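**Student:** model the following, please.
(2 chains)
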Amino acid sequence: MPELKDEALEFLLARSGLHLTDEQKAELMTVYPGIAEMAERVRKPRGHMAELAHVYDFSEEDLT
Amino acid sequence: MTEAIPTIAEAARLIAERRLSPVELTRACLGRVHALDEQLHAFVHLTEERALTEARAAEAAIMAHGPRGPLHGISIGLKDIVDTKGIPTTCQSKLLQDNIPDADATCAEKLAAAGTVLLGKTTTHEFADGGPSFDLPAPPARNPWNTYHFTAGSSSGTGAGVAAGLILGGIGTDTGGSIRGPAALCGIAGIKPTYGLVSRAGVAPAAFSLDHIGPMAWTAEDCALMLQALAGHDPRDPASASRPVPDYTAQLGSGIKGLRIGVIHHFHETDHKVSEGTQRGITAAIATFRDLGAEMREVQLSPLQDWLACGSLISITERAAAYEEWARTRLGDFSERVRSRLMLGALVSGVDYVQAVRRRRELRAELQSAMKGLDVVLTATQPAEAAKIDAVPKWDLFAAPNFTMPFNVTGYPAISVCAGFGAGDLPVAIQLVAKPFQEPTLLRVADAFEKATPFRDRRPALVAA
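**Tutor:** Next comes the predicted model:
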């Protein structure tokens, strides 16, 4: 995962609609490596056909 | 069992024999609330008058027609993220301080229909965050075994209240361990049922696809009695399972000879090495199960860190989505911990989330395969005895993987039961996990363990004092 730069964080926060103080932004920068590590960990060589755990289905109400 | 505080099963028997009145039981529980809750903070809202009215009505009905079931007249508490008609439901948030729902959550409705007496709303951390938080409208619950120590969260008030006998049972919710964690640290039993077995309707979400509702009580048998009233299909919950509800007490007492129990040693011995006291409890529990005639086997799964990464990314994203509107407009009104968790949502991409949900499918398949030929698996519930309440790191999410999240990721039913006492004479616990909808087997194993060990005979010293 690439390093999180100030400009990128500003963009992500603006995209999320969150208004943070400088202190909160600094804190978010410190925990970003933990999130990046998790995001790497869930990526496995699974190919493009692997499905999600959640499968959309139809209820009885759809069928009647 | 402790003479002064009956279990639900014991109280139900006495009530049915008309040797205990629901009014007496309610008054006894309220007496303990008045004596202890200044120290424990298990309740955020006490419904004393309503409880006594309900108890009198239960008494009259039982005298006239007998009890409608084992929960009739039993004192309970509901976690304060469970909607209760006409009773404040604040989710321990400044955002909902004036919230009085106009309808009950399904779980509240079902327990009321079973005849329970509601003593009040129990303490949680804001919107079922794990806590502890000290900037909430009400203080965090304290551990009855030592009030300087944490209860774990987020069903902290229910855990503390049951352990101290303020209530005989209560509702917890569990997104990454919030039933099982407080059950473990407070020395009680708490079951996270199979995903979809107990309706989430009317309960504030933490992460939709990981959220579970379940009972917490002194014993596994009591959890079974409560689960009987709670389980079943609910069209108000889109994830509600449409399956027949079995008898959760039918297998209790039938022994566990020949059952096959897998131990996920690497979870608690390598991936996140537990405390000496916890390891002693687990080792002794394995010996107990062997003595009871169970076949013990070893189970190997992906590292605990993989399960935590999957569950955490899903949890962070679903929570951020659920509370996005308030996060955008009233972020400053959230507590520091929840604000921090909501901020994390900005760092997880849509693709990260989908990769986590694809990983979830693989992990569930892995557990399914590992459990072929097994009835339950066993690991730790908590890494150690309860920490001091002011010593829990804010970013514990990244500190070390927890033992409970794997079964939120998979939706498999899991129960925590007391396995003894460790450092500081604080409770330690084991976690047992069964296949989906196999709660009867899970409760049978947990009940057999409790009955073969002496840990249910002892309550916190503060209760006796």
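
**Student:** straight-line length of stretch B:194-210, end to end?
**Tutor:** Terminal residues of stretch B:194-210 are spaced 11 Å apart (C-alpha to C-alpha, to the nearest Å).

**Student:** so that stretch, near chain A or not?
**Tutor:** Yes: remark: stretch B:194-210 sits within contact range of chain A at residue B:209, by C-beta under 8 Å from any C-beta of the partner chain. Using the backbone N, CA and C atoms, a C-beta is placed for each residue, glycine as well.

**Student:** what helix or strand is the residue lying closest to residue B:123 once chain neighbours are set aside on?
**Tutor:** Nearest-residue entry for residue B:123: residue B:157, 3.0 Å, with adjacent residues in sequence omitted and distances by C-beta to C-beta, 6 or more residues apart in numbering or on different chains. Secondary structure assigned from DSSP states H and E places residue B:157 in helix B:156-163.

**Student:** so which elements touch that helix?
**Tutor:** Here helix B:156-163 touches strand B:43-46, strand B:75-79, strand B:117-122, strand B:169-174, helix B:180-186, strand B:212-217, going by 3 or more C-beta pairs under 8 Å, 6 or more residues apart in numbering or on different chains; DSSP states H and E.

**Student:** format the ones you listed as a markdown table; extra columns: mean pLDDT, distance to residue B:458 and mean neighbour count.
**Tutor:** Formatted as a markdown table, these follow (pLDDT from 0 to 100; distance: least, C-beta to C-beta, whole Å; neighbours: other C-beta atoms under 10 Å in any protein chain shown):
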| stretch | mean pLDDT | distance to residue B:458 | mean neighbour count |
| --- | --- | --- | --- |
| strand B:43-46 | 98 | 24 | 21 |
| strand B:75-79 | 98 | 21 | 32 |
| strand B:117-122 | 98 | 22 | 28 |
| strand B:169-174 | 98 | 19 | 29 |
| helix B:180-186 | 98 | 13 | 34 |
| strand B:212-217 | 98 | 16 | 30 |
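
**Student:** so which of those gets nearest chain A?
**Tutor:** strand B:212-217 (15.5 Å; C-beta to the nearest C-beta).

**Student:** list the helices and strands that closest one packs on?
**Tutor:** helix B:156-163, strand B:169-174, strand B:189-192, helix B:220-230.

**Student:** now do the shortest one: everything it contacts.
**Tutor:** For strand B:189-192, the external contacting residues (C-beta atoms under 8 Å, 6 or more residues apart in numbering or on different chains) are B:155, B:159, B:172, B:174, B:179-180, B:182-184, B:212, B:214-220, B:222-223, B:227, B:404, B:407-408, B:413-418, B:439, B:442-443, B:446, B:450.

**Student:** 6 Å instead?
**Tutor:** Outside strand B:189-192, the residues within contact range by C-beta atoms under 6 Å, 6 or more residues apart in numbering or on different chains are B:172, B:174, B:179-180, B:183, B:212, B:214, B:216-217, B:219-220, B:223, B:414-417.

**Student:** what is the burial count for the residue of the stretch 101-250 of chain B at minimum distance from chain A?
**Tutor:** Closest approach between the stretch 101-250 of chain B and chain A, counting by C-beta to the nearest C-beta: residue B:209, at 6.5 Å. Counted with other C-beta atoms under 10 Å in any protein chain shown, the neighbours of residue B:209 add up to 19.

**Student:** same thing with residue A:51?
**Tutor:** If we define neighbours as other C-beta under 10 Å, then residue A:51 has 10 of them.

**Student:** also residue B:330?
**Tutor:** Close neighbours of residue B:330, defined as other C-beta under 10 Å, add up to 13.

**Student:** try the one 4 residues further on
**Tutor:** Using other C-beta under 10 Å as the criterion, residue B:334 is surrounded by 25 other residues.

**Student:** just to revisit the earlier point, now do the contacts for the residue nearest to residue B:123.
**Tutor:** By C-beta under 6 Å, 6+ apart, the residues touching residue B:157 are B:42, B:122, B:123, B:141.

**Student:** one more time with 8 Å
**Tutor:** Taking C-beta under 8 Å, 6+ apart as the test, what residue B:157 contacts is B:41-44, B:77, B:79-80, B:121-124, B:141, B:170.

**Student:** distance of it from residue B:128?
**Tutor:** Distance of residue B:157 to residue B:128, given as C-beta to C-beta, to the nearest Å: 12 Å.

**Student:** what do the two both touch?
**Tutor:** Common contact partners of residue B:157 and residue B:128 (C-beta under 8 Å, 6+ apart): residue B:79.

**Student:** get me the contact residues on chain A for chain B.
**Tutor:** A:4, A:9, A:12-13, A:15-20, A:24, A:27-28, A:31-32, A:34-35, A:37-39, A:41-44, A:46, A:50-54, A:59.

**Student:** okay, now the unreliable bits of chain A?
**Tutor:** A:1 (pLDDT under 70).

**Student:** name the element the residue minimising distance to the centre of it belongs to?
**Tutor:** With distances taken as C-alpha atoms, centre = their mean, residue A:39 lies nearest the centre of chain A, 7.7 Å away. Taking DSSP H and E as the criterion, residue A:39 maps to helix A:22-41.

**Student:** and residue 23, how many neighbours does it have?
**Tutor:** Looking at chain A here, since you left the chain open. Neighbour number of residue A:23 under other C-beta under 10 Å is 8.

**Student:** that was the other one, I meant chain B.
**Tutor:** The burial count for residue B:23: 19, using other C-beta under 10 Å.

**Student:** next, the contact list for the residue nearest the centre of chain B, please.
**Tutor:** Note on chain B: the residue nearest the mean C-alpha position is residue B:179, at 2.1 Å, using C-alpha atoms, centre = their mean. By C-beta under 8 Å, 6+ apart, the contact set of residue B:179 is B:155, B:172, B:173, B:190, B:191, B:192, B:212, B:214, B:216, B:416.
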